[in-house]
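Asker: with the sequence up front, the predicted model follows.
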Amino acid sequence: MHFGKLKDYINGQWVSHTDAEYLKVYNPSTGEEICEVPITPTNQVEAAISAAEEAFKTWKNVSMEKRVKYLFDLRDALVQRHEELAQSIAIDQAKHISDARAEVNRAIQITETACGIPLMMTGNKFAINEDVDGEVIRESIGVVGALAPFNFPALVFGWFIPYAIGCGNTIVYKASEQSPLFMQKIMEIFEEIKLPKGVVNLVNGTKPVVEAMLNSPIIKAMAFVGSTPVGRIVAEGSAQTGKRSQVLAGAKNTLIVAEDANMDGFIQNYINSAYGAAGQRCMAGSIVAAVEDVYDEVKERMIKASKEVKIGDARDEDVFLGPVISQKSVDRCHYYIDLALKEGANLALDGRNPTLPEKNKNGYFVGPTIVSEVTPDMKIAVDEIFGPVVSLMKFKNVDEALEFFNNSDFGNGGSIFTESGLYAHKFLREANSGMIGVNVGVPASMPYLPFGGTRSSLFGSQIKAQGQDAVDFFTKRKACTVRFYGKN
């Protein structure tokens, strides 16, 4: 299946380019070319920004009722095209189809929450004294830019576009060049629901497109999800041009296993956390920190359960673990495994050459991998790998494991597995991370709670995604003081 040369969507029109460079996109499950995606020329990025600027002049004055009606129509279309959207993710991002369906479900839930923007947009008004009133008014901020990662095309769309336009802004959205198909279908939906032209504009590409957006004085805010190195560039570039920014960056999440943990519950959560979406989640559990009393049992159970994980094509229903996004990602996983062994760790389970179905021989696969006896000074315990590679570490007690967790450069998420209320309370109070859980492998926030980390996992405005935080990011507030004297 080949989708040909993809197009941008600018000012309500599909745009193809005769002068653009095109990148080949491959199905990670098979290595087959599936489409070509443009690096949108700078003049066309500027055209998209100008279209959004022109559309904002009228869109900001569209009634809240009408704006939210478009969100309801968007939600209905997402439900109607659910399977088609999930299949698009399973093709170019090669997220296993069950995970892809779950991601589309979450995008629907986020859009449903965004339909409640009128409640979240309400201001505050009070009587200062008998003659003077005080009032806070929320307003849209203008044209916003958004940069999406490859690993969650539907989720990040939900974080940015429904909230941005629901709050009265217009948007220029750059899809990931590695997984562009989902956003092509979303723009078809916006055509179907007759969203006014220029309100949402889609561009594609790499660094030159990002630079054009960062350098534009018209764009007033940038929203980003991706790696920490690129996130720093976006946050710094936004600051230099006076933009507000929301930058959700990298992660290195830890699952602490206390001596009283329910081991069956831990293993079930571990498999989903470490190997779901091939470990390419910002909420993936990439470190298991077990206290020494249960370390050997944890290791044995992890190995046994991981060996039972079925690997193969992302669209095969009976497969659990699909491929990583590219050969570069495979090489990165191998590099950290080899480096850990050189630094003194042991390879408890080697996933570097997994057994694959014949049709997937040219795909980009790494099997479940467990590197044991990892110590805090090793690179594999520090760096984000983004694949199904797990570090197993031993600590004397929960206090020592929590200290390690809090010393990480990252602060996106983490969990403790325990039946002790004391341990749970201690973790919830002391864990220095944006999203934490007890007996939960993936402590990702529900759509009505803020999503985002701390430290090197969040830059810019420090305002997170979803719910009230999203409304706070996509609006500006004015404080008003009002007095009327009446007739003399």
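Answerer: It's in. Numbers count the residues shown, from 1 in each chain.
Asker: just how off-centre is the one helix or strand Asp296 maps to within its chain?
Answerer: Here Asp296, judged by DSSP states H and E, is contained in helix 295-307. Helix 295-307 sits 29 Å away from the centroid of its parent chain (C-alpha atoms, centre = their mean, to the nearest Å).
Asker: can you list the residues that contact that helix?
Answerer: Helix 295-307 is contacted from outside by 257, 263, 266-267, 270-271, 274-275, 288, 290, 348-349, 368, 370, 372, 390, 392, 394, using C-beta atoms under 8 Å, 6 or more residues apart in numbering. For glycine as for every other residue, the C-beta is placed from the backbone atoms N, C-alpha and C.
Asker: list the buried ones in it?
Answerer: Taking 16 or more other C-beta atoms under 10 Å as the basis for neighbour counts, the residues of helix 295-307 that come out buried are 295, 298-299, 301-302, 305-306.
Asker: about what we covered before: which of the contacts of helix 295-307 fall within strands?
Answerer: When strands are assigned by DSSP state E, the members of the contacts of helix 295-307 inside them are 257, 288, 290, 348-349, 370, 372, 390, 392, 394.
Asker: as TSV, those residues with neighbour count and distance to Asp469 would be great.
Answerer: Below are the ones in strands among the contacts of helix 295-307 laid out as TSV (neighbours: other C-beta atoms under 10 Å; distance: C-beta to C-beta, whole Å):
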residue	neighbour count	distance to Asp469
Val257	29	31
Val288	27	30
Ala290	26	34
Ala348	17	39
Leu349	19	39
Ile370	23	36
Ser372	22	38
Val390	29	30
Leu392	23	34
Lys394	20	37
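Asker: between these, which sits nearest Arg281?
Answerer: Arg281 has its nearest neighbour among the ones in strands among the contacts of helix 295-307 in Val390, at 13.0 Å by C-beta to C-beta.
Asker: pretty sure Val37 sits in a strand.
Answerer: Yes - using DSSP: H, G, I helix; E, B strand; the rest coil, the secondary structure at Val37 is a strand.
Asker: quick check: it touching Val25?
Answerer: Yes - Val37 lies in contact with Val25 (C-beta atoms under 8 Å); the separation is 5.5 Å.
Asker: what do these two both touch?
Answerer: Both Val37 and Val25 are in contact with 177, 180, where contact means C-beta under 8 Å, 6+ apart.
Asker: more crowded one of those two?
Answerer: In this view Val37 and Val25 are compared by other C-beta atoms under 10 Å, and Val37 has more residues nearby, 27 against 22.
Asker: how far does stretch 222-236 sit from its chain's centre?
Answerer: Computed by C-alpha atoms, centre = their mean, the separation of stretch 222-236 from the middle of its chain amounts to 12 Å.
Asker: which residues are in contact with that stretch?
Answerer: Counting by C-beta under 8 Å, 6+ apart, residues outside stretch 222-236 touching it are 144-149, 152, 156, 159-160, 164, 210, 213-214, 237-238, 243-250, 282, 384, 410, 456-457, 459-460, 465, 473.
Asker: show only the entries of the residues you listed found in helices.
Answerer: 156, 159-160, 164, 210, 213-214, 237-238, 473 (DSSP state H).
Asker: and those residues, which is closest to Lys310?
Answerer: For the ones in helices among the contacts of stretch 222-236, with Lys310 as the reference and C-beta to C-beta as the criterion, the closest is Val156, at 28.0 Å.
Asker: give me the neighbour count for the closest one.
Answerer: Residue neighbour count, defined by other C-beta under 10 Å, stands at 29 for Val156.
Asker: cool, and Asn262?
Answerer: The number of residues packed near Asn262 is 13, by other C-beta under 10 Å.
Asker: contacts only, for it.
Answerer: Applying C-beta under 8 Å, 6+ apart, we find Asn262 in contact with 417, 419, 439.
Asker: ok, and the closest non-adjacent residue to the last one?
Answerer: Counting by C-beta to C-beta, 6 or more residues apart in numbering, the nearest residue to Asn439 once its immediate chain neighbours are dropped is Phe417, at 5.5 Å.
Asker: hang on, isn't that neighbour packed against Thr254?
Answerer: No - the pair formed by Phe417 and Thr254 falls short of the contact definition of C-beta under 8 Å, at 11.1 Å.
Asker: can you pick out the residue with more neighbours from these two?
Answerer: Neighbours were counted for Phe417 and for Thr254 using other C-beta under 10 Å; Phe417 has more, 29 against 25.
Asker: bridged to the more buried one, which residues?
Answerer: Bridge pairing for Phe417 (DSSP bridges) gives the partners Val257.
Asker: can you put the contacts of Asn262 in JSON lines and add distance to Gly312 and pLDDT?
Answerer: Written out in JSON lines, the entries for the contacts of Asn262 read as follows (distance: C-beta to C-beta, whole Å; pLDDT from 0 to 100):
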{"residue": "Phe417", "distance to Gly312": "29", "pLDDT": "98"}
{"residue": "Glu419", "distance to Gly312": "36", "pLDDT": "97"}
{"residue": "Asn439", "distance to Gly312": "30", "pLDDT": "98"}
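Asker: next up, the contacts around Asp73.
Answerer: Asp73 makes contact with Ile193 under the criterion C-beta under 8 Å, 6+ apart.
Asker: how far away is it from Val200?
Answerer: Distance of Asp73 to Val200, given as C-beta to C-beta, to the nearest Å: 13 Å.
Asker: do the same with Leu119
Answerer: Counting by C-beta to C-beta, the gap from Leu119 to Val200 is 23 Å.
Asker: neighbour-wise, which of those two wins?
Answerer: Here Leu119 and Val200 are set side by side on neighbour count (other C-beta under 10 Å), and the busier one is Val200, at 26 against 9.
Asker: residue contacts, the more buried one?
Answerer: For Val200, the contacting residues are 9, 161, 165, 170-171, 173, 187, 190, by C-beta under 8 Å, 6+ apart.
Asker: just Asp316 next, same as before
Answerer: With contact taken as C-beta under 8 Å, 6+ apart, Asp316 is in contact with Ile97.
Asker: where does it land on pLDDT?
Answerer: Confidence per residue is given as pLDDT, and for Asp316 that number is 96.
Asker: is it within a helix or a strand, and which one?
Answerer: Secondary-structure assignment from DSSP H and E places Asp316 in no helical or strand segment.
Asker: now do His425
Answerer: For His425, the enclosing helix or strand under DSSP H and E is helix 421-430.
Asker: which stretches of this protein have low pLDDT?
Answerer: Applying pLDDT under 70 to the chain flags residues 487-488.
Asker: domain parsing for it?
Answerer: Residue ranges for each domain of the chain read 8-249+457-481, 253-438, as given by automatic domain parsing.
Asker: looking at these, which is nearest to Met1?
Answerer: That would be, of the domains of the chain and by C-beta to C-beta, domain 8-249+457-481, which comes in at 6.4 Å.
Asker: residue contacts, the closest residue in space to Met187 that isn't next to it in sequence?
Answerer: Here the nearest residue to Met187 in space, its sequence neighbours aside, is Tyr9; by C-beta to C-beta, 6+ apart that works out to 4.2 Å. Contacts for Tyr9 (C-beta under 8 Å, 6+ apart) come out as 15, 187, 190, 200-202.
Asker: which other residues reach stretch 444-451?
Answerer: With contacts defined as C-beta under 8 Å, 6+ apart, stretch 444-451 is touched by 106, 109-110, 112-113, 158-159, 248, 283, 413, 434-435, 464-469.
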